[in-house]
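Undergrad: Build me a model from this:
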Amino acid sequence: MEYMDRGALSDVISKSYLSEDEMAAISRECLQGLDFLHSNHVIHQDLKSSNILLRTDGSVKLADFGLFAQLPPEQSRQSSMAGTSGWMAPEVVTGQPYGPKVDIWSLGIVGIEMMEREVPYWKETSGMPQLLIAIRGTPRLHQPNLFSPCLRDFQSICMQADEEQRWSAKELLQHPFVRFAEPVSSLVPLILSVKKKKEIRK
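TA: Residues are numbered from 1 along each chain as shown. Okay, here's the model as predicted:
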């Protein structure tokens, strides 16, 4: 993979507030990557902001396939428990067989990271938020009214606790939130501003 010189999305989230347009562009690029993986029977299984890499030109790439699962053509479900606490879908947490839509739940968690700059339940459970995901299901935004109905709808579809109700990556690419997203070049000002903040702190 080409060198992604601006590092991980998690670094951007920790140093800057993202606009909805920037969230949409990043989400679209991630969905395109997931659609490609899922159409080839691959589940990433560890999607999180630190595994989404950026480049100065605005390019967005999925990274770290250390936990990926390659499903045989005749198999549509996986049963081993894999992923990072906090981003795991309910079906993984509860030990149910699961399919590619676990990555969509994880993308929803990344969405909350971009919106609220933290992983849901992280502070409540000493780093074991999967316990509250199993008990409470879908995390709620702290201040939902700060965000547009379109973004909130996109998020709610990604984070359906019932896997059957969760859309696929291909379906989500048709959602208005990402369908009308700006090109990746629109991310350049954000990336450069984060780079400048890093240089100032040095």
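
Undergrad: pLDDT below threshold where in this structure?
TA: For the chain, the stretches flagged by pLDDT under 70 are 1-3, 66, 72-85, 121-137, 198-202.

Undergrad: could you redo the last one with a cut-off of 90?
TA: Residues of the chain meeting the criterion pLDDT under 90: 1-7, 15, 45, 64-98, 118-142, 161, 192-202.

Undergrad: which SS class is the residue nearest in space to the middle of it?
TA: Central residue of the chain (CA atoms, centre = their mean): residue 107, 2.4 Å from the mean position. Secondary structure, DSSP: H, G, I helix; E, B strand; the rest coil: residue 107 is helix.

Undergrad: tell me the contacts of the residue nearest to residue 98 when sequence neighbours are not counted?
TA: Using CB to CB, 6 or more residues apart in numbering and skipping residues adjacent in sequence, the residue nearest residue 98 is residue 91, 4.4 Å away. C-beta: built from backbone N, CA, C; applies to glycine. Residues counted as contacts of residue 91 (CB atoms under 8 Å, 6 or more residues apart in numbering) are 97, 98, 102, 163.

Undergrad: Which single one of the residues you listed is nearest to residue 149?
TA: Out of the contacts of residue 91, the one with the shortest distance to residue 149 is residue 163. That distance is 24.2 Å, counting by CB to CB.

Undergrad: dump the residue contacts of the closest one.
TA: 89, 90, 91, 98, 99, 101, 102.

Undergrad: The last one touches residue 88, doesn't it?
TA: Spelled out, it's residue 102. Yes. Checked against CB atoms under 8 Å, the pair residue 102 and residue 88 is within contact range at 7.5 Å.

Undergrad: What residues of the longest helix seen in the chain count as buried?
TA: Using DSSP state H to assign secondary structure, the helix with the most residues in the chain is helix 20-39. Of the residues in helix 20-39, those scored as buried under the neighbour-count criterion (16 or more other CB atoms under 10 Å) are 20, 22-35, 37-38.

Undergrad: circling back to that earlier point, most surrounded residue in the contacts of residue 91?
TA: For these, counting by other CB atoms under 10 Å, the largest number of neighbours falls to residue 98: 28 neighbours.

Undergrad: Give me the phi and psi for that one.
TA: phi -140, psi 160 (degrees, to the nearest 10).

Undergrad: same question, the one 3 residues further on
TA: Taking degrees, to the nearest 10, you get phi -70, psi -10 for the backbone angles of residue 101.

Undergrad: Tell me, how many residues neighbour the nearest residue to it once chain neighbours are set aside?
TA: In space, residue 101 comes closest to residue 166 once its chain neighbours are excluded; the distance is 4.7 Å by CB to CB, 6+ apart. Residue 166 has 21 neighbours, counted by other CB under 10 Å.

Undergrad: Tell me how far residue 166 lies from residue 5.
TA: Taken as CB to CB, to the nearest Å, the spacing of residue 166 relative to residue 5 amounts to 34 Å.

Undergrad: same thing with residue 96?
TA: Using CB to CB, one obtains 40 Å as the distance from residue 96 to residue 5.

Undergrad: Checking the nearest residue to residue 111 once chain neighbours are set aside next. Helix, strand or coil?
TA: Leaving out its chain neighbours, the residue that sits closest to residue 111 by CB to CB, 6+ apart is residue 155, at 5.2 Å. Counting by three-state DSSP, the backbone at residue 155 sits in helix.
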